[in-house]
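Undergrad: next come a sequence and a model predicted from it.
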Amino acid sequence: MTNVLLEARGIGKRFGGVLALKDVSLTIRCGEIYGLIGPNGAGKTTLFNVFTGLYPRDGGEVEFAGKPLQLDSPHRVAAAGIARTFQNIRLFGNMTARENVMVGRHVRTRAGVFGAILRSRAEREEEAAIRRRADELLHYVGIADRADDLARNLAYGDQRRLEIARALATEPQLLALDEPAAGMNATETAALRELIEGLRRDGVTVLLIEHDVKLVMGLCNRVAVLDHGEKIAEDVPEVVRANPKVIEAYLGTSAH
Amino acid sequence: MGWSVKHKLGLVAVAVALIALPFVLAMAGTAWVRITNFAVLFILLSLGLNIVVGFAGLLDLGYVAFFAVGAYVYALLASPHFGLHLPFWVILPIGALVAGLAGAVLGAPTLRLRGDYLAIVTLGFGEIVRIFMNNLSAPLNITNGPKGINLIDPFRIGDFSFATTAGALSGPIKYYYFLLIVLLAVIVINRRLQDSRIGRAWVAIREDEVAAKAAGIDTRNIKLLAFAMGASFGGIAGGMFAAIQGFVSPESFILNESIMILAMVVLGGMGNIWGVIAGALLLSFMPELLRYTVEPAQKALFGRMLVDPEVLRMLIFGFALVLTMRFRPAGLWPETRHRRELDADRK
């Protein structure tokens, strides 16, 4: 019996006259890797942005960890336990790798202006803990040796890892990865796959948007397929792969 | 962190030099001590603006408004205008608080704006404050309009006044020491903020606001905090300005001053406290040096004044900024993060 972590019901989103998401419902269970695939423009990233509070939704409800999720501001979503990465990596380029991860601890720490100015004991202890945790996470994603490098000087694959480390620093129950393998070569993808499997072993639930169908099919417990803003399938990878609607969405109707 | 003997000796040397400085300057004339005091005021202003522009990356073209608020708070609470004569240690915190509130008031409607648009709104805000000071003389005379407020109390602790000469300690020298203490405090506060949870959040917003939000930063509150913190430093500097001058009027708080403070931050190196200090020193001493060198030089060469030093000042000033932007776009002394990166390139 697996618990439901996130349940979305009837999510809609339109941009002017374009209906980007049409009544999308899905259920993510605790501890699984949930794949979200679909052709370009299917609405995957839009759904992501709605889940993480970046776009206001036009209808629908999301329940997260048994409570209704406030989707009005991203930092509240992060506080509730959903962290994300971006399709086009968004790091704090002029901060070091360690500082990037330390920023991720913001939402789980408290020190304010006066604590910082007075360097109170509580503030110093918290600051040391933030630093320790950041170093642990850099180690966890395998870039501990780059801790003092500026984020924008890291190699592409390392930047992806750093973004994941920053997201993990917020102690998420659900980690949402937006095309983490985009632009990666085979070796980097294999390493990424190991990292994501490690996350699952460590109890983090993962929502994965990916173009690399092989990666998704090999990695995910369940997969949902979006096409033109609608969910056309949701099941274990083997079933989804055989679904005629999915084949049609990817290959077109004239395929035979 | 450990301090080596060399560091300690260096620190002692700097301290001795800073303590001896006003007496050396006084030999060249008390005017130089005054000039130095104003330079320190500008350092304070630059460090305040650096929080907003350098750390949080919010372009503010109306910063002088907070300087004005601090100055007027002091003037109104310590002058015959309202007959109030509160001691300065009461007024300075009030001035910081009022200026901080003004900063939040400016920040609130501009939260969604960035770059050029933010610059325009802040520029307007600076002008609004100045125009208010200019016109709040009727029907109820609050600011005394363009005439300004006169006979402002100097700092006083008991019978010890900062305005009078006592032995070798002239008024400006006393203020110099006071300013130096405030400056040290502000530098410590700035450095501590920079390396704190809040400081990291500011830089994160500067680097990528969307990513900062997604990483769990309440960008609204953190930006307001940057505006308020920066403004409160401006308010403290304003209070000291009013006391040192003994007189405030709206014309001290024109747009040019905002631009000048911003130029100090940008020229020195946005985000780096020491760079900002260097920029402020350079730009506040340059006009005075010109005044004292250009005039005699022209008289000696041509027998009369050809170019007014004021004109030359703007020319050199503009030229220096263009050169800086062309050859050192991150400022003369950029933020360490940038320098670290340059070092990495050299390897």
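TA: Sure thing, it's come through. Numbering: from 1, shown residues only, chains lettered A, B, ... in the order given.

Undergrad: low-confidence ranges in the chain?
TA: I'll assume chain A. A:1-2, A:253-256 (pLDDT under 70).

Undergrad: hm, I was asking about chain B
TA: Chain B contains residues with pLDDT under 70 at B:1-2, B:336-347.

Undergrad: what parts of it come near chain A?
TA: B:189, B:192-193, B:195-201, B:203-204, B:207-208, B:210-219, B:225, B:229, B:335, B:337-338, B:340-341, B:344 (Cβ under 8 Å from any Cβ of the partner chain). Placement of C-beta: from N, CA and C, glycine included.

Undergrad: out of those residues, which end up buried?
TA: Among the residues of chain B next to chain A, those classed as buried by 16 or more other Cβ atoms under 10 Å in any protein chain shown are B:189, B:192-193, B:196-201, B:203-204, B:207-208, B:211-219, B:225, B:229, B:335, B:337-338, B:340-341.

Undergrad: now, the residues you listed that are in helices?
TA: If you go by DSSP state H, those have B:189, B:192-193, B:197-201, B:203-204, B:207, B:211-214, B:219, B:225, B:229, B:337-338, B:340-341 in helices.

Undergrad: ok, now how distant is B:Leu61 from B:Ile198?
TA: Per Cβ to Cβ, to the nearest Å, B:Leu61 is found 24 Å from B:Ile198.

Undergrad: count the residues that sit near B:Leu224.
TA: B:Leu224 sits with 19 neighbouring residues when counted by other Cβ atoms under 10 Å in any protein chain shown.

Undergrad: ok, it touching B:Ala108?
TA: Yes. Using Cβ atoms under 8 Å, B:Leu224 is in contact with B:Ala108, at 6.7 Å.

Undergrad: can you map out the helices along the stretch 51-200 of chain A?
TA: A:74-80, A:97-104, A:113-118, A:121-141, A:156-168, A:186-201 (DSSP state H, counting those that start in this stretch).

Undergrad: who are the packing partners of the longest one?
TA: Think helix A:121-141. Packing partners of helix A:121-141 (3 or more Cβ pairs under 8 Å, 6 or more residues apart in numbering or on different chains; DSSP states H and E): helix A:97-104, helix A:113-118, helix A:156-168, helix B:197-207.

Undergrad: and stretch A:63-82, which residues are buried?
TA: Buried residues in stretch A:63-82 (16+ other Cβ under 10 Å): A:64, A:69, A:71, A:74-82.

Undergrad: got a list of what whichever residue of the stretch 201-347 of chain B sits closest to chain A touches?
TA: Closest contact between the stretch 201-347 of chain B and chain A, by Cβ to the nearest Cβ, is at B:Gly216 (2.9 Å). Contacts for B:Gly216 (Cβ atoms under 8 Å, 6 or more residues apart in numbering or on different chains) come out as A:74-75, A:78-79, A:83, A:104, A:106-108, A:170.

Undergrad: cool, and B:Ala204?
TA: For B:Ala204, the contact set (Cβ under 8 Å, 6+ apart) comprises A:92, A:95, A:103, A:106, B:211-212, B:215, B:217.

Undergrad: how much space separates it from B:Pro139?
TA: On the measure of Cβ to Cβ, B:Ala204 and B:Pro139 end up 48 Å apart.

Undergrad: just the strands in chain B please.
TA: Along chain B, counting by DSSP state E, strands occupy B:78-79, B:84-85, B:156-157, B:160-161.

Undergrad: and B:Ala119, which of the ones you listed is closest to it?
TA: Closest of these to B:Ala119 is strand B:78-79, at 34.0 Å (criterion: Cβ to Cβ).

Undergrad: name the helices or strands packed onto that closest one?
TA: Using 3+ Cβ pairs under 8 Å, 6+ apart, strand B:78-79 is in contact with strand B:84-85.

Undergrad: again, only this time at 10 Å
TA: Secondary-structure packing of strand B:78-79 (3 or more Cβ pairs under 10 Å, 6 or more residues apart in numbering or on different chains; DSSP states H and E): strand B:84-85, helix B:88-107, helix B:219-245.

Undergrad: by proximity to chain B, which residue of chain A wins?
TA: Closest point on chain A to chain B, by Cβ to the nearest Cβ, is A:Val107, at 2.9 Å.

Undergrad: okay, now that residue: neighbour count?
TA: By other Cβ under 10 Å, 21 other residues sit near A:Val107.

Undergrad: before we move on, what about B:Phe233?
TA: B:Phe233: 30 surrounding residues under other Cβ under 10 Å.

Undergrad: wait, it touches B:Ile51, no?
TA: Yes. At 7.3 Å, B:Phe233 and B:Ile51 qualify as touching, with contact defined as Cβ atoms under 10 Å.

Undergrad: shared neighbours of those two, anything?
TA: Common contacts of B:Phe233 and B:Ile51, defined by Cβ atoms under 10 Å, 6 or more residues apart in numbering or on different chains, comprise B:103, B:189-190.

Undergrad: quick one, which of the helices and strands packed on helix A:121-141 is nearest to A:Ala190?
TA: Smallest distance to A:Ala190 across the helices and strands packed on helix A:121-141 (Cβ to Cβ): 10.8 Å, for helix A:156-168.

Undergrad: run the angle between the closest one and helix A:186-201 for me.
TA: Relative orientation of helix A:156-168 versus helix A:186-201 (axes from the mean of the first three to the mean of the last three Cα atoms, to 10 degrees): 20 degrees.

Undergrad: which strands and helices lie in contact with helix A:156-168?
TA: Secondary-structure packing of helix A:156-168 (3+ Cβ pairs under 10 Å, 6+ apart): strand A:82-84, helix A:97-104, helix A:121-141, strand A:174-178, helix A:186-201, helix B:209-214.

Undergrad: now those as a markdown table including distance to B:Gly239?
TA: Output for the helices and strands packed on helix A:156-168, formatted as a markdown table (distance: least, Cβ to Cβ, whole Å):
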| stretch | distance to B:Gly239 |
| --- | --- |
| strand A:82-84 | 44 |
| helix A:97-104 | 35 |
| helix A:121-141 | 28 |
| strand A:174-178 | 49 |
| helix A:186-201 | 54 |
| helix B:209-214 | 33 |
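
Undergrad: so which of those gets nearest B:Leu321?
TA: Of all the helices and strands packed on helix A:156-168, helix B:209-214 comes closest under Cβ to Cβ, at 27.5 Å.

Undergrad: ok so, going back, nearest to B:Ile254, of the buried residues of stretch A:63-82?
TA: Nearest to B:Ile254, judged by Cβ to Cβ, of the buried residues of stretch A:63-82 is A:His75 at 38.6 Å.

Undergrad: I'm done for today, thanks for sticking with me.
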